[in-house]
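I'd like to go over a predicted model; first the sequence, then the structure.
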Amino acid sequence: MRLPITVGLAFVPGRGAALGPLSEAQKAALLEQVRARFVTEDYVTDIVVVPETYLRGSDGFNALDRAARMYRLDVMALVSYDQLSTSSEKKSSFWYWTVVGAYLVEGTRNEVQTLVDTAVFHIPSRTLLFRAAGTDRVTKDATMVDSPQQMRTAQATSFGRAMDDMTANLQRELVVFKERVKERRASSRR
């Protein structure tokens, strides 16, 4: 791999259906979080946000090859996400039979598990350089009436925390990658 590199950044198309579609504004904000981790690296000349529509219609590396030609990319960072949300009734939910119970008794347990993953590929060699994942889990009890709103809040909270976790892990992986690059340069000069 020749340095410095141009990095492409995109969401994997069609992922995260359980979470629902993220708005373009949310995707832009999340990609900016990832971009901020790359922009300070001295071996990166440019970071290009690639619309996920350019990755559709082809499989795997064919899509990456096309994006690389369009944007003159060396490396692509692909962000994917998934979220599992479950809601179950606790024993105390029998109070839901009363009107007051539906408003006062927290008989519903909402659980949200989120994964956000960034995989960084060197496009010409089709090599995975490194990856960084972030996870989060939220468990919260709610009343029958408040359960839907509480679930939406838990989903958003969990996604944000998983994204923060992935971003911190990405920073660590970038440090390790930079050290590997320095070692390879040093060993190739000998």
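Great, that's in hand.

where does this structure dip in pLDDT?
Applying pLDDT under 70 to the chain flags residues 14-23, 88, 90-107, 142-147, 185-190.

can you give me the strands in it?
Ranges of strands in the chain, per DSSP state E, are 5-11, 44-49, 75-89, 108-122, 127-142.

Tell me the strands beside the shortest one, with direction?
Spelled out, it's strand 44-49. Strand pairing for strand 44-49, determined by DSSP bridges: strand 5-11 (parallel).

For the partner strand, buried residues please.
Residues Ile5, Thr6, Val7, Gly8, Leu9, Ala10, Phe11 are the ones in strand 5-11 that count as buried (16 or more other CB atoms under 10 Å). Just so you know, the C-beta spots here come from the backbone N, C-alpha and C atoms, and that holds for glycine as well.

Check the offset of that strand from the chain's centre.
The chain centre lies 14 Å from the centre of strand 5-11; the measure is CA atoms, centre = their mean, to the nearest Å.

Bridge partners for the spatially most central residue of the chain, pull those for me.
Nearest residue to the geometric centre of the chain (CA atoms, centre = their mean): Val116, 3.1 Å. The partner list for Val116 in beta bridges (DSSP bridges) reads Tyr81, Gly134.

which residues touch it?
By CB atoms under 8 Å, 6 or more residues apart in numbering, Val116 lies in contact with Val79, Ser80, Tyr81, Ala133, Gly134, Thr135, Phe159, Ala162, Met163, Asp165, Met166.
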